[in-house]
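> No letters, just coordinates:
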């Protein structure tokens, strides 16, 4: 039985050595777990700060996008109104050119003689533009046609 007792002591010592190795490995693992838990806590604190910072940036971006959209609307409306003014100006210029051509075709002497016959003698009643008191340029709705400032429906008629 001594040989069995020696074997048992050897097994016991090996078992105790294995248990000691396992405990050392567990202690090492406990230290690694504690280090990672600290790292996790630090990352969570950073995430909370970053989440709050992200929320502030998102709010700021939202406000800036809204302001930019307002600028876009204002710019679009202004460009549209400006284009309408340009159209009206072009229409007015075309009417003026047409009337100028029309007036150039009429003899100036007929207009002058009509005013001379009134007895003014000095020609004070004559007009150099060719439009007499009986010739006036009238525009519907204050010169901007039925569409207001749009100019695309501007009408001009001569009344006699």
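Nice, I can see it. Small disclaimer: the values here were computed from a predicted structure and weren't measured. Numbering: from 1, shown residues only.
> Give the rounded mean pLDDT of the helix or strand hosting residue 68.
Using DSSP states H and E, residue 68 sits within helix 2-105. The average pLDDT within helix 2-105 is 96.
> neighbours of residue 34, just the number please.
Per other Cβ atoms under 10 Å, the neighbour tally for residue 34 reads 10. C-beta: built from backbone N, CA, C; applies to glycine.
> right, I mislabeled it, should have said residue 95
For residue 95, using other Cβ under 10 Å, the count is 17.
> Tell me which other helices or strands the helix holding residue 68 touches.
strand 156-159 (3 or more Cβ pairs under 8 Å, 6 or more residues apart in numbering; DSSP states H and E).
> can you give me the mean pLDDT across the strand it packs on?
pLDDT averaged over strand 156-159 gives 44.
> Can you give me the buried ones in stretch 23-40?
Buried residues in stretch 23-40, counted by 16 or more other Cβ atoms under 10 Å: none are found.
> List the contacts of that stretch.
For stretch 23-40, there are no external contacting residues (Cβ atoms under 8 Å, 6 or more residues apart in numbering).
> Quick one, grab the pLDDT at residue 133.
pLDDT, residue 133: 40.
> Over to the one 5 residues further on?
Per-residue confidence at residue 138 stands at 42 (pLDDT).
> From residue 106, how far out is residue 98?
13 Å (Cβ to Cβ, to the nearest Å).
> With residue 62 instead?
Residue 62 is 66 Å from residue 106, by Cβ to Cβ.
> got it, and residue 19?
Taken as Cβ to Cβ, the span from residue 19 to residue 106 is 126 Å.
> go on, residue 23?
Distance from residue 23 to residue 106, by Cβ to Cβ: 121 Å.
> cool, and residue 86?
Distance from residue 86 to residue 106, counting by Cβ to Cβ: 31 Å.
> How about residue 59?
Distance of residue 59 to residue 106, given as Cβ to Cβ: 71 Å.
> Same question for residue 70.
Residue 70 sits 54 Å away from residue 106, going by Cβ to Cβ.
> same deal with residue 39?
98 Å.
> next one: residue 79
Distance from residue 79 to residue 106, by Cβ to Cβ: 41 Å.
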